[in-house]
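> Need coordinates for the following:
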Amino acid sequence: MKKSFKILMLLSAFLLIALPASAKTIRWRMALSWPSNLTPLASPALEVAKWMKEMSHGKFIIRVEGSEKTKAALGVLDMVKSGSYQMGNSGSYYWIGKDPNTVWFTTVPWGMTTAEQYAWFYYGNGMKYMKKVYDKFGVYSFPAGNTGVQMGGWFRKEIKSVKDLKGLKMRIPGFAGKVMARLGVNVVNIPAGELYTSLDRGTIDALEWVGPAMDIKMGFYKVAPYYYTGWHEPASEMQFLVNKKAFNKLPKKYKVMLTTAMKAAAADMFIENFAKSVTAWQKMKKQYPNIKVKSFPIPVLKAMKKATDEVMNSYAQKNKLFKEIWTDYQAYLKKARVWTMMSEYYYLKASKEVGAGQ
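Residues are numbered from 1 along each chain as shown. Down below sits the predicted model:
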């Protein structure tokens with residue numbers, strides 16, 4: 001994080017040379033889909049605000065307002081679109097009801113890993129498609145940090161077969177929610193601030209959130225003992241939303257600062273989340289030794305994969321752009337996965353066999 005900030009400060013020193021001392025102070029607001037104290041999820045927004053203030057010597061101020069302030073966790077896109085907020089920090093797949101193509105820029109079930117997805121964004125066609133999808137909303141969308149492979153969720157009861165999913169009330173957004181609904185799950189989308197109470201009171205039977213680094217703050221492990229490994233969100237990328245009119249009015253140097261700050265903050269979030277998940281899991285496991293880490297049975301996973309294919313096909317048949325992005329996404333994943341298997345998977349497999357890192 002310190003290294004990223006030093007690079008940004010060096011960049012800003014060059015950029016600010018041409019800015020007159022009398023330059024007008026710019027004041028923006030950024031709305032979050034989560035509480036402003038829910039780090040690492042909120043970290044990128046807080047870092048961008050801090051860095052922009054310091055790099056501009058107080059000439060670019062961004063006030064960050066979490067869901068505790070806006071009271072509209074799932075209204076961030078509309079707020080940025082309307083211009084009531086110049087920026088937002090959210091998750092692209094929250095807008096599936098507005099446009100199913102938005103899900104590609106968070107993650108999809110059985111999709112790319114974080115490294116694969118970033119490669120698709122910046123060295124494939126990901127960013128091109130992201131701009132195309134968000135143009136109609138009058139906003140720009142930028143990557144804002146990745147959680148890596150998310151856990152499959154906290155469950156009040158064990159899932160032994162597909163039958164156990166039928167009638168289950170679960171919070172799970174995006175296409176994963178569509179998949180689970182196809183398997184008989186009663187899917188709900190609840191704001192972050194209401195999740196613990198809903199699970200504790202039995203309003204819902206299960207939920208997926210993120211992973212140890214963020215789950216520990218939510219307390220789900222206190223009321224749901226089964227912690228399932230992931231399948232549905234292998235590389236969940238958050239997003240920065242920027243009002244196009246507001247961005248286009250900025251001096252070029254501020255545009256460069258802001259886009260660079262967002263990219264650096266996104267990278268830092270992935271690192272921070274991984275590090276905090278390591279320590280958070282150790283703490284949870286020690287304090288609550290009865291947590292049962294489970295993987296869904298193979299028949300359940302196969303049913304999830306089959307349902308995923310059905311959902312994808314149904315959208316591809318109705319939406320030309322969806323089909324185009326899906327085709328491009330699959331093609332990139334196919335070639336990227338070869339290297340992922342050669343490098344990451346076989347290394348981890350070999351490490352396990354020789355007892356390294358255990």
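
> would you say residue 101 is within a helix?
Yes: according to DSSP: H, G, I helix; E, B strand; the rest coil, residue 101 belongs to a helix.

> Following the helix or strand hosting residue 268 in sequence, what is the next regular element?
Residue 268 belongs to helix 252-287 when assigned by DSSP states H and E. Sequence order places strand 292-294 as the next helix or strand after helix 252-287, per DSSP H and E.

> What strands flank that next one, and is each parallel or antiparallel?
Paired strands of strand 292-294, with direction, are strand 226-228 (parallel) (DSSP bridges).

> How far does the strand it pairs with sit from its chain's centre?
Chain-centre distance of strand 226-228: 20 Å, with C-alpha atoms, centre = their mean, to the nearest Å.

> Next: stretch 26-43.
Distance, centroid of stretch 26-43 to centroid of chain: 14 Å (C-alpha atoms, centre = their mean).

> can you pull the alpha-carbon coordinates of it into CSV?
Provided in CSV are the C-alpha atoms of stretch 26-43 (Å, rounded to 0.1, in the frame of the first residue of the first chain):
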residue,chain,number,x,y,z
ILE,A,26,-13.2,20.5,-6.6
ARG,A,27,-15.6,18.9,-4.1
TRP,A,28,-17.1,15.5,-4.9
ARG,A,29,-19.2,13.0,-3.0
MET,A,30,-18.9,9.2,-3.2
ALA,A,31,-21.7,6.9,-2.2
LEU,A,32,-20.9,3.3,-1.0
SER,A,33,-23.1,0.2,-1.1
TRP,A,34,-21.7,-0.8,2.3
PRO,A,35,-20.9,0.9,5.6
SER,A,36,-17.9,3.2,5.4
ASN,A,37,-16.2,1.2,8.3
LEU,A,38,-16.6,-2.2,6.6
THR,A,39,-13.0,-2.6,5.5
PRO,A,40,-11.4,-4.0,3.3
LEU,A,41,-14.6,-3.6,1.2
ALA,A,42,-14.6,0.2,1.9
SER,A,43,-10.8,0.6,1.8
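
> Next, the buried residues of it.
26, 28-36, 38-43 (16 or more other C-beta atoms under 10 Å). C-beta here means a position set from N, CA and C on the backbone, and glycine is covered the same way.

> before we move on, back to that, give me the mean pLDDT for the helix holding residue 268.
The predicted model gives helix 252-287 an average pLDDT of 95.

> same deal with stretch 209-225?
For stretch 209-225, the per-residue pLDDT averages 91.

> likewise stretch 298-315?
Mean predicted confidence for stretch 298-315 is 97.

> what sits up against the helix or strand harbouring residue 335?
Taking DSSP H and E as the criterion, residue 335 maps to helix 320-340. The contact list for helix 320-340, computed with C-beta atoms under 8 Å, 6 or more residues apart in numbering, reads 100-101, 104, 108, 111-113, 115-116, 119-120, 124-125, 129, 132-133, 312, 315-317.

> my guess is residue 162 meets residue 300, correct?
Yes: contact criterion C-beta atoms under 8 Å: residue 162 and residue 300 qualify, at 5.6 Å.

> Name the residue in those two with the higher neighbour count.
residue 300 (20 against 17; other C-beta atoms under 10 Å).

> Can you name the helix or strand that the more buried one falls in?
Counting by DSSP H and E, residue 300 is found in helix 298-318.

> which strands and helices sit next to that helix?
helix 174-182, helix 320-340 (3 or more C-beta pairs under 8 Å, 6 or more residues apart in numbering; DSSP states H and E).

> Out of the ones you listed, which one sits most buried?
Among these, helix 174-182 has the highest mean neighbour count (mean count of other C-beta atoms under 10 Å), at a mean of 23.
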